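Trainee: show me how the following folds:
(2 chains)
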Amino acid sequence: MIEIKNINKSFGDNNVLKNISFKFEKGKTNLIIGESGSGKTTLLRILIGLHDIDNGEVLYDGRDFTRLNTKDKRKLRQEIGVLFQKGALYDYMSVEENIMFPLTMFTNQSYEEKLQRVNDCLERVNLKNNNHLSVSELSGGMVKRVSIARAIVMQPKYLLCDEPNSGLDPKTAIIIDNLIQEITLESNITTIVNTHDMNSVMEIGQSIAYINNGEICWSGSKEELIENNNKQLNDFVFASKLFKRLKRN
Amino acid sequence: MRKLLKQLGQYFIMMSKVFSMPEMKNIFFKKLSLELEKIGLDSLGIVTIISFFIGAVVSIQTAFNFESPLFPKYLIGYATRESLILEFCPTMLSLILAGKVGSNIASEIGSMRITEQIDALEIMGVNSASFLILPKLFAAVLFFPILIILGISIGIVGGWIGCQTAGITAADYIYGIKYEFNSFYVTYCLIKTTVFAFIIATVSSYFGYHTKGGALEVGKASTRAVVYSSIIILIFNFILTDLLLA
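Mentor: From the prediction side, this is the model:
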């Protein structure tokens, strides 16, 4: 479980996150939703340690990430898999080298052991036998799947995904969503997905937090989301005609 | 002024990270061999062409200026050698390499920054500054002196060809090349080259590493890397010459 307590974050005079507290539960896909500029990307970057906080706590199963020393922080980071918005694959490496990279850096496994693990991960994301493709040869969906494979290769306890569906067609987006949810359930890990894609919310939203103007204004499941009476949230979620119809039904 | 001090501070913080021990020595040496190829071997062509023509032009111009019968002909070889060792090869070639290698380093690291590849390294717990910059720095510091020595040698050959067109005999030219040779000048040349290599690799890496935004900013970082590297090279050229030769 990942818990954030009373987090504040400002950039100069701009108070981006205002006293935010929330629990992201283990074995569930936890979604952070909100409009562009609402603070959700800042929150995710705080969770993965790319931004320092002004005050508050970020607890990974009770371990406060912000107060760990460099060595412990590094150890904890190896338990976190991250799927970046643009994939963040190393373009001078092949698919296999990209996925193998964390194993090479942090384990003493032999090449055969690492290759076995890489092949397992590639099979899990339905990209078997694509080891030697270069990053430039991959489609948008394949980049996301290879990124997922790299994120799970170290068998992380926590999986954090930033806009996993951005730039993908609806069919591929649903495949990626389902893949993230399946991995979460299979490995019983804590997954946080940062998104503003309402298809994702309806597909995999087991626990949803809505951020608006730097504050968590609402939280609940996707079923509760459909029934909610929060005007701000409804304006955001049911902005399209299709979702308005869903709300009416 | 405040911005400059901030940049200087950021540069030294980055350098302190760069000089931490490489986490995986085998990965470091693999990256170093790749960088030696990219930064060093891939620059051989441009260094050869430029050195050859610089040598040829220097000898022709010297011959043109030493037309008086009071000057012995071998002085053309002597002047060509001294010009190549003292200034043309270490400084001019370093400025050209600042353009070629520096922009390459800045754009490569800058692209990695904007596509979140550096963030991905940091999140994995990898010291991204050391992982990305240290092999480039080692490759530049190790290979640039080789390039410059090669440049001097090819420049001298170019000078010989230039002398042929200016009507100077090969015997006079070769005598001049060997005349009053001071080996400290080569040491001075190599010291300058090593310092310039350090400047090119680290200043370019700094601008790449601190890129923010998109593709446009990568281009700007690349331009800044070349401009700042060139200016700093010229400043250090003056300082080192004053310290070592004055």
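Trainee: return the residues in contact with residue 41.
Mentor: Just so you know, I chose chain A. If a contact means Cβ atoms under 8 Å, 6 or more residues apart in numbering or on different chains, then residue A:41 has A:162, A:194 as its contacts. For the C-beta atoms, the positions are set from N, CA and C on the backbone; glycine is no exception.
Trainee: my question was about chain B
Mentor: Contacts of residue B:41 (Cβ under 8 Å, 6+ apart): residue B:143.
Trainee: and the residue most central in space within chain B, how close does it get to residue A:40?
Mentor: The centroid of chain B falls nearest to residue B:94 when counting by Cα atoms, centre = their mean (3.0 Å). Applying Cβ to Cβ, to the nearest Å, the value for residue B:94 to residue A:40 is 47 Å.
Trainee: how about the residues of chain A by chain B?
Mentor: Contact residues, chain A versus chain B (Cβ under 8 Å from any Cβ of the partner chain): A:48-50, A:73-75, A:77-78, A:80, A:82, A:84-91, A:101-102, A:104-106.
Trainee: report the helix or strand with the lowest average pLDDT across the chain.
Mentor: In the absence of a named chain, chain A is used. helix A:241-248 (a mean of 65; mean pLDDT, DSSP states H and E).
Trainee: actually chain B
Mentor: Across helices and strands of chain B (mean pLDDT, DSSP H and E), lowest is helix B:25-35: a mean of 88.
Trainee: which parts of that one are buried?
Mentor: B:27, B:28, B:31, B:32, B:35 (16 or more other Cβ atoms under 10 Å in any protein chain shown).
Trainee: you'd agree the last one is up against residue B:136?
Mentor: Yes: counting by Cβ atoms under 8 Å, residue B:136 is a contact partner of residue B:35 at 5.2 Å.
Trainee: are there residues contacting both of these two? Which ones?
Mentor: Counting by Cβ under 8 Å, 6+ apart, no residue touches both residue B:35 and residue B:136.
Trainee: which parts of chain A are helices?
Mentor: Using DSSP state H, the helices of chain A run over A:40-47, A:70-77, A:95-106, A:111-124, A:140-152, A:170-187, A:198-204, A:222-227, A:231-237, A:241-248.
Trainee: who wins for proximity to residue B:190 among the ones you listed?
Mentor: helix A:95-106 (35.5 Å; Cβ to Cβ).
Trainee: now the angle from that closest one to helix A:111-124?
Mentor: 130 degrees (axes from the mean of the first three to the mean of the last three Cα atoms, to 10 degrees).
Trainee: now for residue 211: which residues touch it?
Mentor: Defaulting to chain A. Neighbours of residue A:211 in contact, by Cβ under 8 Å, 6+ apart: A:20, A:32, A:33, A:34, A:38, A:39, A:40, A:43, A:217.
Trainee: you looked at the wrong chain, it should be chain B
Mentor: Shown in contact with residue B:211 (Cβ under 8 Å, 6+ apart): B:106, B:109, B:110, B:113, B:114, B:217, B:218, B:221.
Trainee: could you do residue B:184 as well?
Mentor: Applying Cβ under 8 Å, 6+ apart to residue B:184 gives no contacts.
Trainee: 10 Å instead?
Mentor: Residue B:184 makes contact with B:244, B:245, according to Cβ atoms under 10 Å, 6 or more residues apart in numbering or on different chains.
Trainee: check the one 4 residues further on too.
Mentor: Residues counted as contacts of residue B:188 (Cβ under 10 Å, 6+ apart) are B:85, B:86, B:90, B:182, B:240, B:241, B:243, B:244, B:245.
Trainee: ok, the last one - how many residues close by?
Mentor: Under the neighbour criterion other Cβ atoms under 10 Å in any protein chain shown, residue B:245 is assigned a count of 10.
Trainee: give the contact list for it.
Mentor: Counting by Cβ under 10 Å, 6+ apart, residue B:245 has contacts B:86, B:184, B:185, B:188.
Trainee: which non-adjacent residue is nearest the third one?
Mentor: When the adjacent residues along the chain are set aside, residue B:185 lies closest to residue B:85, with 5.0 Å between them (Cβ to Cβ, 6 or more residues apart in numbering or on different chains).
Trainee: in contact with the one you found: list those residues for me.
Mentor: Residues in contact with residue B:85, defined by Cβ under 10 Å, 6+ apart, are B:148, B:149, B:152, B:155, B:156, B:181, B:182, B:185, B:186, B:188, B:189, B:190.
Trainee: same thing but 8 Å
Mentor: Shown in contact with residue B:85 (Cβ under 8 Å, 6+ apart): B:152, B:185, B:186, B:189.
Trainee: contact partners for residue A:149?
Mentor: A:99, A:118, A:121, A:122, A:124, A:125, A:127.
Trainee: highest neighbour count among these?
Mentor: With neighbours taken as other Cβ under 10 Å, the top of the contacts of residue A:149 is residue A:99, carrying 30 neighbours.
Trainee: quick one: secondary structure of the residue of chain B most remote from its centre?
Mentor: Most distant from the centre of chain B: residue B:69, at 38.5 Å, with distances by Cα atoms, centre = their mean. Classification of residue B:69 using DSSP: H, G, I helix; E, B strand; the rest coil returns coil.
Trainee: phi, psi for it please.
Mentor: Main-chain dihedrals, residue B:69, degrees, to the nearest 10: phi -70, psi -10.
Trainee: quick one on the thing from earlier: reformat the contacts of residue B:85 as TSV; add neighbour count, secondary structure and distance to residue B:42.
Mentor: Shown next, in TSV, are those (neighbours: other Cβ atoms under 10 Å in any protein chain shown; DSSP: H, G, I helix; E, B strand; the rest coil; distance: Cβ to Cβ, whole Å):
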residue	neighbour count	secondary structure	distance to residue B:42
B:152	20	helix	20
B:185	15	helix	28
B:186	15	helix	25
B:189	22	helix	22
